[in-house]
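Chemist: my questions concern the predicted model and sequence given below.
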Amino acid sequence: QVQLQESGPGLVKPSQTLSLSCTVSGGSITTGFYYWSWIRQPPGRDLEWMGAIAKSGSTFYNPSLKSRTSISRDTSKNQFTLQLSSVTPEDTAVYFCARTFGLGSTNADLRGQGTQVTVSS
């Protein structure tokens, strides 16, 4: 079955760029009717959709994060990557990669276990 696994540093300093990867196994990120999304959940707050990459390679972003967010992929590794620049402590959250059927929604049929990222000096 399809599985997703996030990887990346758990601690990032303010003003730096957060970079996370999601490795997908059991299925290709270049096929199907899905979007490969990044979702986060800050402590005590709701899930937030950050952006996604489609099977075509087209990218889509949450307007509130668009200026700081970049999503890319490496099809040879079946991975997609999140970069969030100029981070602040407000970006501290559990970050999830997920397979979603739509854009702008945190409703995912598959999701990684999540990785805690703390922004602190």
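Modeler: Done, it's in. Note that this is a predicted model, so its numbers are computed, not measured. Residues are numbered from 1 along each chain as shown.
Chemist: chain center to the helix or strand of the chain with the lowest mean pLDDT: distance?
Modeler: Lowest by mean pLDDT, DSSP states H and E among the helices and strands of the chain is strand 108-111, with a mean of 93. Centroid displacement of strand 108-111 relative to its chain, using Cα atoms, centre = their mean, to the nearest Å, is 12 Å.
Chemist: what ranges of this structure fall below the confidence cut-off?
Modeler: Judged by pLDDT under 70, the chain has no weakly predicted residues.
Chemist: helices along that one, start to end?
Modeler: For the chain, helices defined by DSSP state H do not occur.
Chemist: quick one on the thing from earlier: what's in contact with the least confident helix or strand of the chain?
Modeler: For strand 108-111, contacts defined as Cβ atoms under 8 Å, 6 or more residues apart in numbering pick out 2-4, 37, 39, 96-101. The way it works is simple: take the backbone N, C-alpha and C, and place the C-beta from them, glycine included.
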